[in-house]
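1. The following block contains a protein sequence and its predicted model.
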Amino acid sequence: MNKVNLEEKSLLFSEYWSPKIVGELNGQNVKLAKFKGEFVWHKHDKEDEMFFVVEGTMKIEFRDKTVLLNKNEFLIVPKGVEHKPVAENEVLVMLFEPATTLNTGDTQNELTQHKLDWI
């Protein structure tokens, strides 16, 4: 059992859209990621996905609406719902999702991360 300091962990990486694992529980990964710019439209057919904003502000776009997330707010995207994260400025996000979750879901491209680093 080791405590995790999110600020310290966030200083260990700088790349955007490349989640890093910082913990694991009950088959779920706790991940930190830095977002900036637009991600890709995608969905996760088998997993819900939770976005918790640690620092900054971001949007999650859906086909019929956009949700603004500020620091200390989170949103759970249900499985099967197409979405696209967008961050005008750098944002630090904590993700909670099953260890098998692929960051780009049903979309495969240059942003797809098949093996995540532990930090």
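-> Cool, the structure landed. Values in this document were obtained by computation on a predicted structure and should not be read as measured data. Numbers count the residues shown, from 1 in each chain.
2. Ile76 bridge partners, please.
-> Met50 (DSSP bridges).
3. Which secondary structure element is home to Gly23?
-> strand 20-25 (DSSP states H and E).
4. What residues of that strand count as buried?
-> Under the neighbour-count criterion of 16 or more other Cβ atoms under 10 Å, strand 20-25 has Lys20, Val22 buried. C-betas here are computed from N, CA, C, even on glycine.
5. same for it, what does it pack against?
-> On a contact count with 3 or more Cβ pairs under 8 Å, 6 or more residues apart in numbering; DSSP states H and E, strand 20-25 meets helix 6-10, strand 28-38, strand 117-118.
6. Most tightly packed of the ones you listed?
-> strand 28-38 (a mean of 19; mean count of other Cβ atoms under 10 Å).
7. can you give me the offset of that one from its chain's centre?
-> Strand 28-38 sits 3 Å away from the centroid of its parent chain (Cα atoms, centre = their mean, to the nearest Å).
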